Structures are given as structure tokens and as C-alpha cells.
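A.B. asks: Predicted model follows, preceded by the sequence.
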Amino acid sequence: MAKTHIPFMQTGTLVVGNRLLDEEDRAVQSYQNRPSTLTRGHRACQGCAEALAARWVLDTAMEVTQGKLMVANATGCLEVFSTLYPESAWRVPWVHSLFANAASVATGIAAANHARGRDDIRVIAQGGDGGTGDIGLACLSGMFERNDDVLYVCYDNQAYMNTGVQRSGATPPAARTATTPAVGPHPGNVFGQGKFVPKIAMAHDIPYVATATVADLRDLEAKVRKAMSHRGARYIHILVTCPLGWGTKTADSIKMARLATRCGLFPVFEAEYGEVTAVTKIRSQAPVEDYLRPQRRFAHLFGAKADEAALERIRGAAERNIRRYNLLPEGGVA
Amino acid sequence: MTSATVPPGLSAPAGSSAVYHTGSWRTERPVYMSLLPPCSAACPAGEDIQAWLFEAQEAGDGYERAWRRLTVENPLPAIMGRVCYHPCQAACNRVQLDEMVGINAVERFLGDLAIAKGWQFEPPAGDRLTGRRVLVIGSGPAGLSAAYHLRMSGHEVHVLEAKTEFGGMLRYGIPAYRLPRHVIDAEVARLEAVGIVLQANQRVEDLAARAAGYDATVVCVGAGVGAHVSIPAATAAKVLDAVRLLEETAAGTPPLLGRRVAIYGGGNTAMDAARTARRLGAEDAVIIYRRTKAQMPAHEEEYKDAISEGIRVKWLSTIAEVERGKVVIERMELDAGGRPQPTGVFDEVEADTVVLAIGQDADLDIVEGVPGMAVERGVIAVDERMMTGVPGVFAAGDAAPGDRTATYAVGQGKLAARGVDAYLRGREFAAPQRVAQATFDRLNTWYYADAPAQSRPELEAARRTSGFEEVVQGLSEASALFEARRCMSCGNCFECDNCYGLCPDDVIRKLGEGKKYSIDLNYCKGCGICAAECPCGCIEMVPEER
């Protein structure tokens, strides 16, 4: 499927399938015989968006490479819930590395394939926001700097979820976690400097960097296809809702990711060789409160002791994103 | 994926996660539903609108499938696509998103296409013929609909029409600029082609005598008698009723009206009479109505069309007296209960002719004195299957109780046909079941593309009054297709693959085009994403019993 936006066929390209579209305009996820690379029986929580995003990414990569794919997986939720010894939910050659070194292991696999003259076998490394942006950042930066032929995919659920929801470098300000409780004069996570790994990746001027969410499947599939069309180091950062860690309804996992983009707190864009080349404009802008209020990790911002000052700073962050990435459509109204 | 051999370095054989039945975590299960969309709930003819729009969305051969699906319920789409007041559109959920879907215009497009392509109904197969004979009296919308459904059930059907041509009020009550005659002819001819025998010039005087030799009779004689009120009138004053005006105009012998015409009444017939008067040469047509615009029974569209053709309206007025060349009107005012009360203030309106459009009565001569037949409030009394007090004699349409619209008549004709069929087969009549409605709050409208309605091109208002040319034009194919695709398929799966693609646990199986999906409950954890992200709201989360 090319990333063409088909404006009107009842649902256009907004849904997964759409029988009114030509076969080639449909998503891999709509194929009756899709690879289902991450299959049933895995023990992710109900409504886990990381499990969903991982299947989307690897199914698309399997389609592009015609099954010639190897995967290195950092420690984290994704590894824990998919591979309880001796069973595996993966239908792809898959190796579990340490927490820190998925990028290095993938580099090694790519080098070995190259040495064997098998550059046709492609390599993906994947991990959560902790394994990617905190513990594994040195290995990741090295992979970028050497321009190793690996696509690294980060599933960002904004905390260390599998060990009990501890704060990570990707945890948003004011969010309550096990290590940033909602107590004291400034409850929840601190308003720090923040760490947005896609910008770190862009600083390496690698061939391709993109962000995506579980709220836009076709956008994500198109980005995986594009990433696989490049050689060298590539990075895709996907916002994935965690019902357990965020305190949201399991049925709302897609809706929450959609609200994150609609309010501007999560920008969706592509960058090539360090420059932003495409931006997904906001369709129907929403206030940040619509995104924050349904999440129990932000409950202390609302109610009797509503923290207007914190809300104002979060609104400011959304506005900065909208300005920085030019997220509003022509005319400035979404 | 299960392997019996133990790979190097492992102490147990590697296996697939499929050994874990994560479905045991579930407290709610997703269930696919088929709910009643509000359009169908509102359709007096009981059309399955979502189903035929679904077929039309596919264009090409889909149009014929759509027409066939539509005509399962209503055999007159080209007619109804013109004259139906489309309560379906007022009920359409899309109103709450942008604008209603133009269902009526798509129905007309399909009806016109069927006429152009010569599509015919499939006559009942030989083994379905019952050999039972049914008489239908009247060839208006109720009679034609009853005849069609009876024929499709395998009965022999004989239709008698009192007038010289078929169609009843469709022909003699609705002006040609709203419903061209060739459209009526084409849809009647299609009914004749499946073996329904229609005979004109057959006024039935003696019901019992005519019904002899038939196994059942359906009386669809309509309401073709103009109601009268007693108004003091000078002998030279010209007063006629709207039914006569419309009927004589339709028959090609319009009455002479003069330059100025006053129409008394505020219903659709008054609008038609006024617009017809303009087309017959009246320079001035003024409607006199005793209440206000808010209480006017005429449909908004009819009223707007009349106004755009230069028709004037005098609200809160009654005719006190008709004199030569003028009428004396009395101003009214509404009392606390909203009823008009006389004020004693009089005024005059110049008029050469007064047309009375104050209601129509059923012509019940046919049932007068028939033992067992009851007439209540001016119409034939019937039970829930439309049978009168006389066993085997049914009634439908304007002569029976209910709304007086062509579409309602089509629905009643179908209901009467079902009643007759059950009666002839000695079966219990099963009243239509109502299922849960697909309300707007069930939809996830994020997924529907933004799409404003396509409007029907209309003839220039200035050209309208020059003749009886059709005023409202049909949609082009492109517009009709666009309009069909605006349908949100409320409460009924349209195979968008959202449930299949958005399941984090990979438990939904896609069964192939037209076959929808199945859910493997061994693994479904019951997260509810499929139900939340289903655009049309056809998935319900049902609590598990523990």
C-alpha cells in the first residue's frame, strides 16, 4: 500500500480495510493471510497497544522482505509477554538480548549476514522506551553513528511497565508512576528537560527517522515500508498506550493514542538525513485535557485540587510541538 | 510451530504461545450484531435501506443488486424516489455528523436506471405457485404494492381500476411536474410482466358479487373525494375542490380557473393545487390557511417549492364568504390552546376561482351495507393483519386507518399481502419484529470521511410555471454513488477490517469477502478495542457468565 490518502470512499483510508478500495490500496493488516508475526496466546495485558504495534511493524516488514527477516529484542514488556520459556509467540527468527544491547546485537546479526553474502536478509531491533532511550542509548547511538544496516523500532509506553510502572526518561511531566507518586506540592513526574529519542536519532543525520502511533495503522505501515526501502541505520518511534501504566480503559487504547496526536502532545512526522520531510497534520484538534483527563496517572491534575499551573505548562508543550512541527493544516484550524 | 525435538541449549522443546488460552482472562466477550438503522425504522414501506445502499456503494453491477434488494420491499422505486417524503432522511444518524444521506435521491437514481436498463422482476417459480386467486380493488400505491407482494408469494392476482388509467392518486392526485406519467407507466408495466392482471374502467359497485370466485380480496380504493365545507357563496362564484382540479388536469381536461385563484387549506394538496393553478395560467395563486406556518401540515419542501414559484400565503385566515371575483376572509388568532379563533376583522382577496383543499374522504360506497364490515372515523376498520370484519376481505391505503402518504400506502399494501398470504395458507400472522436500533452514540464517527451532501439540481424557478415539466432532476451517477457512500451503515458490519486489524491478541479471523469475521474465544481477552473502534457500532461487549 502506497501512502496515498484516499479522500472519500465512505471511510477513505481511515479504516484498516475498506472493500471499496483496490487491493493494492489496502493495509497489510487487512490481508486475510497476513503473517501475524506476533501471534495469539501471548500474555500482554488486555488492550496492550505495544503488542498491536509490534504485529503491525513486523507484518509489514515480513511482507516487504518476503519473510527474510531477523529480529533482536531488548528486555522489556514485549520480550516478557511474548516468550515465556519454552513457548514463543513470534513467527519470525527472533533473539532476546540484554536490556541495553539490542542495537548492538542487531548490528552483529546484520554484519554476519553481510559476511555470509546474505544482505537480502534484513534486520530489525526493537525495544521499549526504557531499553531504547535510557539503558540502551549508548548502543543505539553507536549503531546510528556507524550507520549499521538495521531498522530500530522503539515502542514508547512512557515508563518501565513490566517491572511495575517505574519512571523512564520518556515519562511525561506530572505523570504518576511507582517512583513519581502523586504527593507533595508538585505531584507526579518532574517537569524536566525531557528526552525525545527521535530528535537524538535525527542528530546523527541517519537516512530515516519517523514517529507514529497505534491510532494510524496506514501511516505506520507506510513508514515501515519506507524505512525498509533504505539501507543503513533507521529509526521508528511509536507511541503505544499502556492501559495498566496509564490507568486507561482497555478499550480506549486506540482512542488515547489518537487524542495524543489530536492535542499536539505527540507529533507525527518523518525525517530524512536529519531534516523533517513530512508531517501528519492534526485532523480535528482537541484540548490537552481531553487526552489527560481519562488517564489515572494524571488524575491529580483535575478535580478538587486541579493543578492549573501544571496544566498550563502541558498546554505550552503541546503548543510548542504544534509550532515546531507545523502540525495544523493550511489555514491554521483543525 | 510446535517442534518435538529439543534445540541445542534448551532443556524443553520450543513451542508456540498458542498453548496458552488467554481467553480465560475475559469478563466480557465481543458479539457481532445486526441492529436496525434509524432510516429503516422510519421507513413506512419497511425498506432495508442500509442493505441496498451497501450494494449501490460498489457501483457497476452493484446498482442492479441494490435495486433488487430495494424491490424486495417496495416495487415502485422510481415513483417513491420522487414522491416519498423520506422520513428515513429525517431519522438518518448522519444528520448529527454533517448532513443527512440523500436516500430518496439514490432510490430515484436506481429506479430510473432500472427503467432505462429494462430490469424486470423475477416471477415466482412454478413450484411456488399456489393456484389461489386474489382480487385487488384499486391500482394506487397500496393496490400495486399488495398485488406485487401477493404475486411474489405465488398467488394469482387480479387488479381492478375504476378510472381509465392505473396509478390511483399517483396519477390523479400528484401533478406531472412532480411525477411524470411515463414513470408510472413503466413501473406498472413491470408488474404486469410478472403476471399480475390489471383492468381499467372497472368501477366496483357490488363488492360481494365481484369478490365471488376469489379466495381473498384487498380493498384499496383510496381517499379520492374532496371534502367540502359550507361557505356562503354567490351563485356566480366559482368553487371547486382540489381533487377535481388535479384529477381533471391529469386527465388532460383542466378546468378554467381565471387569472386569480384562491386555495383554501394548508396541506400538500393545497400546495399542489396552487402550483397547478399557476401552470394553468393563473397569474396569482394565494393560499388561505386558518393557522400559522408552524402548524401547516404541508411538508417543508413542498411549501418552499410553492413559495419559489411565486405562490402567496395568507396565514390565520378563514374564508367567510365567496362572491363574484373575490372572497371575504376573516382574520383569526390563536388561543392559549393553539386553536384559531375568529376576531371579527374582515378583509378581501380578489379571486376568480376558489379551490377547496381541506381534506379528502375515502369513497366507501363499495363497503356500504356489507355485513360485518365496520367503518370508523371515515375509514374501513381493520385488524393488525389489515383484515376487515369480513373474513378474507382486507383493506389498505388511504381507505384504511393510518398516515395518508404514498409510501405508507406501499407499506400497508405489503402488510395486507402478508395478511392475505397467512390467511390463505391457514398460518398464524406474524407481526413484523422490531429489533434494537443503531443509535448515533454507538458509532465511532472518526472513521467516516468528511463528505457534504450532493444536492439535486433543480430547474430554474422561472422555468417551472411555464408547464408541467418535472421540477426536481435526478442525480448523476457520480453524485448518486457519492451519496450512497455517505451511508454510515449504522449497526451493520460493512467489512472495514477495523476489528480484524486492531485486535492486539490476533484472535479475529477474516473469513473472506462477504463472509465477515469470527472470533476465537479461546484467546480473546475481552479488551473491547474491536467494539470501541468499530465505526458502525455493530459489536457489543456482552458480560461473561461466571
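C.D. replies: Yep, it's here. Numbering: from 1, shown residues only, chains lettered A, B, ... in the order given.

A.B. asks: before we move on, what SS does B:Gly491 have?
C.D. replies: Under DSSP: H, G, I helix; E, B strand; the rest coil, B:Gly491 falls in the coil class.

A.B. asks: Ok, the one 5 residues further on next?
C.D. replies: Secondary structure, three-state DSSP: B:Cys496 is coil.

A.B. asks: what's the closest non-adjacent residue to it?
C.D. replies: Nearest non-adjacent residue to B:Cys496, counting by C-beta to C-beta, 6 or more residues apart in numbering or on different chains: A:Val15, 3.9 Å away. C-beta coordinates here come from the backbone N, C-alpha and C atoms, glycine included.

A.B. asks: which residues touch the one you found?
C.D. replies: Applying C-beta atoms under 8 Å, 6 or more residues apart in numbering or on different chains to A:Val15 gives the contacts B:447, B:496-498, B:535.

A.B. asks: List the residues that contact the closest residue to chain A within the stretch 401-546 of chain B.
C.D. replies: Nearest residue of the stretch 401-546 of chain B to chain A (C-beta to the nearest C-beta) works out as B:Asp497 at 2.8 Å. Neighbour list for B:Asp497: A:15-18, A:26-27, A:29-30, B:510 [criterion: C-beta under 8 Å, 6+ apart].

A.B. asks: for the closest residue to it other than its chain neighbours, helix, strand, or coil?
C.D. replies: Closest residue to B:Asp497 apart from its sequence neighbours, by C-beta to C-beta, 6+ apart: A:Gly17 at 2.8 Å. Assigned with three-state DSSP, A:Gly17 falls in the coil class.

A.B. asks: you'd agree A:Gly17 is up against A:Val28?
C.D. replies: No. Using C-beta atoms under 8 Å, A:Gly17 is not in contact with A:Val28, being 10.7 Å away.

A.B. asks: What residues does B:Val239 make contact with?
C.D. replies: So B:Val239 contacts B:231, B:233, B:322, B:353-356 (C-beta under 8 Å, 6+ apart).

A.B. asks: no wait, A:Leu58
C.D. replies: Contacts of A:Leu58 (C-beta under 8 Å, 6+ apart): A:35, A:37-38, A:69, A:71, A:92, A:124.

A.B. asks: How about the contacts made by the closest residue in space to B:Glu376 that isn't next to it in sequence?
C.D. replies: The spatial neighbour of B:Glu376 that comes closest, neighbours along the chain excluded (C-beta to C-beta, 6+ apart), is B:Pro401 at 7.4 Å. By C-beta under 8 Å, 6+ apart, the residues touching B:Pro401 are B:376-377, B:379, B:381-382.

A.B. asks: which residues are contacting the helix or strand hosting B:Tyr303?
C.D. replies: Assigned by DSSP states H and E, B:Tyr303 belongs to helix B:300-308. Identification of contacts with helix B:300-308 by C-beta under 8 Å, 6+ apart yields B:85, B:268, B:271-272, B:274-275, B:287, B:293, B:296, B:298, B:313, B:461, B:464, B:471.

A.B. asks: Tabulate these (TSV), appending neighbour count.
C.D. replies: Conversion of the contacts of helix B:300-308 to TSV gives the following (neighbours: other C-beta atoms under 10 Å in any protein chain shown):
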residue	neighbour count
B:Tyr85	19
B:Asn268	24
B:Met271	29
B:Asp272	25
B:Ala274	29
B:Arg275	25
B:Ile287	27
B:Lys293	13
B:Met296	21
B:Ala298	22
B:Val313	21
B:Ala461	13
B:Arg464	21
B:Val471	20
